[in-house]
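J.: What follows is a predicted structure for the sequence shown.
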Amino acid sequence: MPPFDLPESDPFSPHNLPYGVFSAPGATDRTVGVRLGDHVLDAGAAALALGSPYASLLARPCLNPLLAAGRTTWSDVRRALTAWVTVPAHQSTVAEFLHPLSSVTLHLPFEVADYVDFYSSEHHARNVGRIFRPDAADSLTPNWKHLPIGYHGRSGTVVVSGTDVVRPSGQRKAPTDPAPVFGPSVRLDIEAEVGFVVGTPSPMGSPVALADFRDHVFGLCLLNDWSARDIQAWEYVPLGPFLGKSFATSVSAWVTPLDALEEARVAPPERTHELLPYLDDTGADAEPGGYDLRISVAVNGHVVSEPPFSSMYWTAAQQLAHLTVNGASLRTGDLYGSGTVSGPAERERGSLLELTWNGRDALELPDGKRTFLEDGDVVTLSAWAPGPDGVRVGLGEVAGRIVGQALG
Ligand SMILES: O=C(O)/C=C/C(=O)CC(=O)CC(=O)O
Ligand SMILES: [Ca+2]
Ligand SMILES: [Mg+2]
């Protein structure tokens, strides 16, 4: 039965309608899908059957044409989709284009252009500072409250949820080791993050103002920035993360449009430092730049942490303004990570580095103790946001299994 009579409480009700890319059972071609309950609507086929002008954006093998179409079209398409799945006259037409989620193959939903990762949780930054730089006077670097720190990542290794992650090899050297050694990482970790997906490009030389964030960013996904802490700790000085984070970054198969997250908008934490004008979001007419997203981190099915995204110090709008303030252009498909989401409480930390304090305090899981990840471990991030009238907007999940390196 097509899922048109979903209970209001379903996290994938018509209030949500996230976008992905899938192949139907037995097919190899890819096309845009929209999630409804535990079904996927072949949005392109539905558009064609209904004679919709949006077929040219939806009967496509990736989301990029829709992303490039701009904010007015994003809203128009969403309104059309809402009608297709809620108005009985349309429901009867689109019913045949619904597939059970369990029967389809989900793909990377968009072609990733550039990938940037930020560092915008004060709790995370302070924890990592204490662990990596215990002798520093302050756990935050002097710039931290003045700009959203970030680094450029590797877009070619962004993979969709469900893709296995091969344990990386590299150099490591503990402070007490006489010389570096090479081998598989022994401190393989996760970072629970939210990824923001750029739709509308911007030309070189034109910074994107805080107020224009929603004209450029289409939506968000869940993101796991896999991190080899031993490789990272040895290589990062003075230029920042490199091979310790570039081997794989996993994203959820569903991109939730910002339009589905209106009720989740919240004010960010109070600003403790005066901000330069291009980052200043404290004005009386400033829109709330935070999002109330409740993330859950599970290792082999056991929840180890529940990081609250509302605690992030820098907002996605500030990150975009900073990313472009030097005149750098945006391309459709650019992806930027929020940075690891860690809240103030111990069980709100978004990395094993913090949860185990660099391996000192093992987590007790039903299947044994865990400091860093072992081969075979499956890490799943999931999340939801408050929607209208108390309903939940599901953000899906991003999962990945660690596999050892093939011998020989
Ligand atoms: O403080 C450091 O040297 C390193 C920090 C990180 O590993 C965090 C990072 O990748 C950015 C983030 O996810 O917050
Ligand atoms: Ca990260
Ligand atoms: Mg990465």
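T.: Nice, I can see it. Ligands and ions are numbered 1, 2, ... in the order given.

J.: per-domain residue ranges of the protein.
T.: 19-107, 115-403 (automatic domain parsing).

J.: Give the helix, strand or coil label for residue 231.
T.: Classification of residue 231 by DSSP: H, G, I helix; E, B strand; the rest coil places it in helix.

J.: Looking at the protein, which residue is nearest ligand 1?
T.: Residue nearest to ligand 1 within the chain (C-beta to the nearest ligand atom): residue 339, separated by 3.1 Å. C-beta: built from backbone N, CA, C; applies to glycine.

J.: Torsion angles phi and psi at that residue?
T.: For residue 339, the backbone dihedrals (degrees, to the nearest 10) come out as phi 100, psi 160.

J.: how close does it get to residue 118?
T.: Counting by C-beta to C-beta, to the nearest Å, the separation of residue 339 from residue 118 is 4 Å.

J.: Common neighbours of these two, please.
T.: Here residue 339 and residue 118 have 150, 314 as joint contacts, going by C-beta atoms under 8 Å, 6 or more residues apart in numbering.

J.: Grab the nearest non-local neighbour of residue 289.
T.: Residue nearest to residue 289 in three dimensions, not counting chain neighbours: residue 315, with 3.3 Å by C-beta to C-beta, 6 or more residues apart in numbering.

J.: Same check on residue 116?
T.: Closest residue to residue 116 apart from its sequence neighbours, by C-beta to C-beta, 6+ apart: residue 336 at 4.4 Å.

J.: Pairing partners for the closest residue to ligand 3 within the stretch 101-250 of the chain in the sheet, please.
T.: At 3.6 Å from ligand 3, residue 249 is the closest residue in the stretch 101-250 of the chain, using C-beta to the ion. Assessed by DSSP bridges, residue 249 has beta-bridge partners residue 158.

J.: would you list the domains of the chain in a markdown table and tack on mean pLDDT, mean neighbour count and distance to residue 6?
T.: Formatted as a markdown table, the domains of the chain follow (pLDDT from 0 to 100; neighbours: other C-beta atoms under 10 Å; distance: least, C-beta to C-beta, whole Å):
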| stretch | mean pLDDT | mean neighbour count | distance to residue 6 |
| --- | --- | --- | --- |
| domain 19-107 | 97 | 18 | 5 |
| domain 115-403 | 97 | 19 | 10 |
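
J.: Can you name the next helix or strand after the helix ranked longest in the chain?
T.: Using DSSP state H, we find that the single longest helix of the chain is helix 71-86. Using DSSP states H and E, the helix or strand that follows helix 71-86 in sequence is helix 88-94.

J.: mind exporting that following helix as PDB, just the C-alpha atoms?
T.: As requested, the backbone C-alpha atoms of helix 88-94 are provided in PDB (Å, rounded to 0.1, in the frame of the first residue of the first chain):
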ATOM      1  CA  PRO A  88      -6.000  12.600  -3.800                       C
ATOM      2  CA  ALA A  89      -6.200  13.400  -7.500                       C
ATOM      3  CA  HIS A  90      -2.400  13.400  -7.800                       C
ATOM      4  CA  GLN A  91      -1.900  10.600  -5.300                       C
ATOM      5  CA  SER A  92      -3.600   8.100  -7.700                       C
ATOM      6  CA  THR A  93      -1.200   9.200 -10.500                       C
ATOM      7  CA  VAL A  94       2.000   9.000  -8.500                       C
END
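
J.: Name the surrounding residues that touch whatever helix or strand comes next after it.
T.: As assigned by DSSP H and E, the chain's next helix or strand after helix 88-94 is strand 98-100. Outside of strand 98-100, the residues within contact range by C-beta under 8 Å, 6+ apart are 2-3, 22, 24-25, 33, 36, 38-42.

J.: related to what we said a few turns ago, identify whichever of the domains of the chain lies nearest to residue 11.
T.: For those, the distance to residue 11 is smallest for domain 115-403, at 2.9 Å, taking C-beta to C-beta.

J.: Return the distance of the closest one from the chain's centre.
T.: 8 Å (C-alpha atoms, centre = their mean, to the nearest Å).

J.: what about that domain and ligand 2, touching?
T.: Yes. Domain 115-403 reaches ligand 2 (C-beta under 5 Å from the ion) through 117, 191, 225.

J.: need the residues you listed in TSV with distance to residue 347 and secondary structure, can you?
T.: Formatted as TSV, these follow (distance: C-beta to C-beta, whole Å; DSSP: H, G, I helix; E, B strand; the rest coil):
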residue	distance to residue 347	secondary structure
117	24	strand
191	16	coil
225	20	coil
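
J.: My impression was that residue 65 belongs to a helix - is that right?
T.: Yes. Under three-state DSSP, residue 65 falls within a helix.

J.: I'd assumed residue 57 was in contact with it.
T.: Yes. In this structure, residue 65 is within contact of residue 57 by C-beta atoms under 8 Å, at 5.0 Å.

J.: How about the contacts made by the closest residue to residue 317 other than its chain neighbours?
T.: Residue nearest to residue 317 in three dimensions, not counting chain neighbours: residue 213, with 3.6 Å by C-beta to C-beta, 6+ apart. Contact analysis of residue 213 by C-beta under 8 Å, 6+ apart lists 289, 316-317, 320-321.

J.: try 7 Å this time
T.: Contact analysis of residue 213 by C-beta atoms under 7 Å, 6 or more residues apart in numbering lists 316-317, 320.

J.: Could you export those to JSON lines, including columns for distance to ligand 3 and secondary structure?
T.: As requested, the contacts of residue 213 are exported to JSON lines (distance: C-beta to the ion, whole Å; DSSP: H, G, I helix; E, B strand; the rest coil):
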{"residue": "316", "distance to ligand 3": "18", "secondary structure": "helix"}
{"residue": "317", "distance to ligand 3": "23", "secondary structure": "helix"}
{"residue": "320", "distance to ligand 3": "19", "secondary structure": "helix"}
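
J.: Residues contacting stretch 181-189, please?
T.: Contacts to stretch 181-189, defined as C-beta under 7 Å, 6+ apart, come from residues 167-172, 227-231, 351-353, 359, 372-373, 402, 405.

J.: at 8 Å instead, please
T.: Stretch 181-189 is contacted by residues 167-173, 226-231, 244, 351-353, 359, 372-373, 402, 404-405 when judged by C-beta under 8 Å, 6+ apart.

J.: Now go through those and say which are in strands.
T.: Among the contacts of stretch 181-189, DSSP state E puts 169-172, 227-228, 402 in strands.
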